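Peer 1: fold the following and give me the result.
(2 chains)
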There are 2 protein chains.
Amino acid sequence: MRYRARMIPVGSVMVGGQVARVIESKNPQWKVGSYLMCYTGWRSHTHIPAEELKKVGFMYSPLPDLSGMSKTLGLGVIGMPGNTAYFGFLELCNPKEGETVLVNAAAGAVGSAVVQIAKIKGCKVIASAGSEDKCAWVKELGADHVFNYKTANIDEELKKAAPGGIHCYFDNVGGDFTLHALRHMVDHARISVCGAISTYNNESKDQGKLVANSPYDTSLIITKQLRIEGFLVNRWLNRWLEGLTQLKQWVQEGKMKYKETVTQGFENMPQAFIGLFRGENIGKAVVVV
Amino acid sequence: MRYRARMIPVGSVMVGGQVARVIESKNPQWKVGSYLMCYTGWRSHTHIPAEELKKVGFMYSPLPDLSGMSKTLGLGVIGMPGNTAYFGFLELCNPKEGETVLVNAAAGAVGSAVVQIAKIKGCKVIASAGSEDKCAWVKELGADHVFNYKTANIDEELKKAAPGGIHCYFDNVGGDFTLHALRHMVDHARISVCGAISTYNNESKDQGKLVANSPYDTSLIITKQLRIEGFLVNRWLNRWLEGLTQLKQWVQEGKMKYKETVTQGFENMPQAFIGLFRGENIGKAVVVV
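Peer 2: Okay, the predicted model is just below:
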């Protein structure tokens, strides 16, 4: 959202996803009282023209059957963040049983799902988060080694937790964390680049000259023969339901836990958003209107 | 070599590959008068103990049958640089007919092979080199658009040559060139990171703080969903002869041209090496002793 927000003019509707209830409909496919997932931005009410609704897919989709669980899960573990973890981790990191996986921002909606998927796949998981509370929860999720990146020495923690090196790295953060993490990867390690929250507020120019915001040191890419791939989750739109179905099953079996940080009231959306950059949230940030 | 040179103490034998003739042998597998490829460093004469010779593979291998062509080709187009192009480009960029390929340092031993392999595979090739002479030769090799990166505006050249974007990028250079190139990649582009000659002399610390020498901007990796992979060519040691056989066939068919910059005399090796960083060579730099 931070990245997208830079590209839209001030005064535009802020981007974002919501679970919405149909309160009026001239389309028999969308009945009054039914729910949909939509990326209509920060709005309390949306009028969607018939033409628009043909874009069923990422923009508009029926809320999947959550078997009575909270509808907010459609915004989190059984929604886009869950699928981000499911596809972004499994497809790009291609983790194998017994391998060591590193996940940062591990108390977030995506990171916490990656931790648990990695454990389900039989990996050893090293995870980091930005407070003691967050770390305690990530430990509960089954991570083998958890540290607070704000107070710990990242190098020391990784050396201790992964003496044999890291095979898979799911990177939500970038910046300094990744700069250190790369030094602990094994040869042929796979890195899935999901986000770079540490750098979203940086500029890509320095005194008018183009600069890269990048911790992916070229010499390490070459000598360790690293594979680094970025992704946007809509790449897997054609397998969307596959991901949600698996995630829902894991939630129902108790293998996939989740938390939500819930803010009440439409008028508090900016505060909830800014909280992301202050590290105030555990799990998915949800605003209930 | 530059990278490796930093890791060995001053006074060590400098690393490097050579085609050597056997002048004395107690091993019936290596007959007097036969030739081998070996990575024994900068030496006029080498005594190889029997134990060492068991490491046949990358360190020591019989010179392939070059059907009467110059034995120096075993150091270039039908040797390690040829295989670097063959495997590093085909396996990691996975180019498809009709796609647009970008190659830098295209007048070098590796780059010139990549240009020609890309043309053989039916791609459109954009190439850069560092002098008008080099550019003229790369054009002769069949590249569709060639520019001198020292005098041209990289952004303008790429915009003009690849209005639809670049699908595959074989990067020998890194640094500023790559910083600009990334902005012209299509979504899901593949980048093979072979070298970063522009940064080999940089330090990885700035005022004692770890820094990344990297043009691979994280935001672009994510939003363009780039796949970036570094490699060392010995990854394909088990397919070594496959590469050489194909390269030799292309050379014999006239589909693969090459140049060599030949320096005479062992005592001139340091000058020949430094020439790499001054952009003085076309094709493979060979020292004849």
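
Peer 1: looking at this, A:Val114 is in a strand?
Peer 2: No - applying DSSP: H, G, I helix; E, B strand; the rest coil, one finds A:Val114 to be helix, outside a strand.

Peer 1: any figure for the gap between it and chain B?
Peer 2: Counting by CB to the nearest CB, to the nearest Å, the separation of A:Val114 from chain B is 16 Å. Glycine gets a C-beta too; all of them are placed from N, C-alpha and C.

Peer 1: next one: A:Val288
Peer 2: Distance from A:Val288 to chain B, by CB to the nearest CB: 29 Å.

Peer 1: that residue - how many residues pack around it?
Peer 2: Residues within reach of A:Val288, counting by other CB atoms under 10 Å in any protein chain shown, total 12.

Peer 1: likewise A:Lys71?
Peer 2: Number of residues near A:Lys71 (other CB under 10 Å) recorded here: 14.

Peer 1: middle-most residue in chain A, spatially?
Peer 2: A:Val110 (3.1 Å; CA atoms, centre = their mean).

Peer 1: who are the packing partners of the helix or strand where it lies?
Peer 2: Element membership for A:Val110, per DSSP states H and E: helix A:109-120. When contacts are defined as 3 or more CB pairs under 8 Å, 6 or more residues apart in numbering or on different chains; DSSP states H and E, helix A:109-120 packs onto helix A:80-93, strand A:100-103, strand A:124-129, helix A:132-140, strand A:166-171, helix A:240-252.

Peer 1: hmm, who's touching the first one?
Peer 2: Contacts of helix A:80-93 with the rest of the structure, by CB atoms under 8 Å, 6 or more residues apart in numbering or on different chains, involve A:17, A:75-76, A:95, A:101, A:108-111, A:113-114, A:117-118, A:121, A:168-170, A:190-192, A:194, A:229, A:231, A:233, A:235-236, A:239-240, A:243-244, A:246-247, A:284.

Peer 1: the residue lying closest to A:Gly195 once chain neighbours are set aside: neighbour count?
Peer 2: Distances taken as CB to CB, 6 or more residues apart in numbering or on different chains put A:Asn172 closest to A:Gly195, at 4.4 Å, once the chain neighbours are dropped. When neighbours are defined as other CB under 10 Å, A:Asn172 has 25 of them.

Peer 1: before we move on, back to that, contacts only, for the residue nearest to the centre of chain A.
Peer 2: Counted by CB under 8 Å, 6+ apart, A:Val110 has contacts A:81, A:84-85, A:88, A:172, A:194-195.

Peer 1: mind redoing it with 10 Å?
Peer 2: Listed by CB atoms under 10 Å, 6 or more residues apart in numbering or on different chains, the contact set of A:Val110 reads A:76-77, A:80-86, A:88-89, A:103, A:170, A:172, A:194-195, A:233, A:283-284.

Peer 1: how much space separates it from A:Glu253?
Peer 2: Distance of A:Val110 to A:Glu253, computed by CB to CB, to the nearest Å: 20 Å.

Peer 1: nearest residue to the residue of the stretch 51-200 of chain A found nearest chain B in space, please, no chain neighbours.
Peer 2: Nearest residue of the stretch 51-200 of chain A to chain B (CB to the nearest CB) works out as A:Ala196 at 4.1 Å. Residue nearest to A:Ala196 in three dimensions, not counting chain neighbours: A:Gly174, with 3.2 Å by CB to CB, 6+ apart.

Peer 1: isn't the one you found right up against A:Asn104?
Peer 2: Yes - A:Gly174 is within contact range of A:Asn104, at 9.0 Å (criterion: CB atoms under 10 Å).

Peer 1: name the residues of the stretch 51-200 of chain A found near chain B, please.
Peer 2: With the criterion set to CB under 10 Å from any CB of the partner chain, the stretch 51-200 of chain A comes near chain B through A:92, A:155, A:171, A:173-176, A:178-180, A:182-183, A:187-188, A:190-191, A:193-196, A:198-200.

Peer 1: could you redo the last one with a cut-off of 8 Å?
Peer 2: Counting by CB under 8 Å from any CB of the partner chain, the residues of the stretch 51-200 of chain A close to chain B are A:174, A:176, A:179-180, A:193-196, A:199-200.

Peer 1: and which of these is nearest B:Ser128?
Peer 2: A:Val193 (26.6 Å; CB to CB).

Peer 1: my guess is the closest one meets A:Val173, correct?
Peer 2: No - the criterion here is CB atoms under 8 Å, and A:Val193 misses it with A:Val173 at 10.1 Å.

Peer 1: most remote residue from chain A's center?
Peer 2: In terms of distance from the mean C-alpha position of chain A, A:Lys26 ranks first, at 35.0 Å (CA atoms, centre = their mean).

Peer 1: quick check: end-to-end length of stretch A:116-126?
Peer 2: End-to-end distance for stretch A:116-126, by CA to CA, to the nearest Å: 11 Å.

Peer 1: quick one: buried residues of it?
Peer 2: A:116-119, A:121, A:123-126 (16 or more other CB atoms under 10 Å in any protein chain shown).

Peer 1: can you check stretch A:169-187 too?
Peer 2: Within stretch A:169-187, the residues that qualify as buried are A:169-186, counting by 16+ other CB under 10 Å.

Peer 1: so which of the residues you listed sit within strands?
Peer 2: Those of the buried residues of stretch A:169-187 mapping onto strands are A:169-171, A:185-186, per DSSP state E.

Peer 1: what's the pLDDT at A:Val103?
Peer 2: Looking at A:Val103, its pLDDT stands at 98.

Peer 1: can you say which of the helices and strands packed on helix A:109-120 is nearest to A:Thr151?
Peer 2: Here helix A:132-140 is closest among the helices and strands packed on helix A:109-120 (CB to CB), at 8.5 Å.

Peer 1: other SSEs contacting that closest one?
Peer 2: Helices and strands touching helix A:132-140, by 3+ CB pairs under 8 Å, 6+ apart, are helix A:109-120, strand A:124-129, strand A:145-148.

Peer 1: tilt between that helix and strand A:124-129?
Peer 2: 160 degrees (axes from the mean of the first three to the mean of the last three CA atoms, to 10 degrees).

Peer 1: export helix A:132-140 as PDB, just CAs?
Peer 2: Below are the C-alpha coordinates for helix A:132-140, written out as PDB (Å, rounded to 0.1, in the frame of the first residue of the first chain):
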ATOM      1  CA  GLU A 132       9.300  -9.400  22.700                       C
ATOM      2  CA  ASP A 133       5.500 -10.000  22.400                       C
ATOM      3  CA  LYS A 134       5.800 -10.700  18.700                       C
ATOM      4  CA  CYS A 135       8.700 -13.000  19.200                       C
ATOM      5  CA  ALA A 136       6.900 -15.000  21.900                       C
ATOM      6  CA  TRP A 137       3.900 -15.500  19.600                       C
ATOM      7  CA  VAL A 138       6.200 -16.600  16.700                       C
ATOM      8  CA  LYS A 139       7.800 -19.100  19.000                       C
ATOM      9  CA  GLU A 140       4.300 -20.400  19.800                       C
END
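
Peer 1: cheers, nothing more for now.
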